[in-house]
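Asks: quick one, what's the 3D model for this:
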Amino acid sequence: MLSEQIAESIKNIGATETASIMSRALCYMAQSANNDFQFDCDLGKVVIERKTIQTND
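Replies: Numbering: from 1, shown residues only. Prediction:
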């Protein structure tokens, strides 16, 4: 399960690096979906707000 893989990652590379990897994945998902995300639970809130990406087209 993903939750077990995240727990193992925290043990192996630490919480900060794991959070960084997860953050980039969530940002990618938001960009791909063309939609911001917000997750709420009893422990807190996570908000993913997309940035405008400049291209050289």
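
Asks: other SSEs contacting whichever strand or helix holds Val47?
Replies: Element membership for Val47 (DSSP states H and E) is strand 44-48. Here strand 44-48 touches helix 15-33, strand 37-41, going by 3 or more Cβ pairs under 8 Å, 6 or more residues apart in numbering; DSSP states H and E. Quick note: C-beta positions are derived from backbone N, CA and C, even for glycine.

Asks: the inter-axis angle of that strand versus strand 37-41?
Replies: Put simply, strand 44-48 runs at 170 degrees to strand 37-41, going by axes from the mean of the first three to the mean of the last three Cα atoms, to 10 degrees.

Asks: ok, strand 44-48: who's next to it in the sheet?
Replies: strand 37-41 (antiparallel) (DSSP bridges).

Asks: before we move on, the earlier item: what's the most buried one of the helices and strands packed on strand 44-48?
Replies: helix 15-33 (a mean of 12; mean count of other Cβ atoms under 10 Å).

Asks: ok, and what's touching that helix?
Replies: Identification of contacts with helix 15-33 by Cβ atoms under 8 Å, 6 or more residues apart in numbering yields 6, 9-10, 36-37, 46, 48-50, 53.
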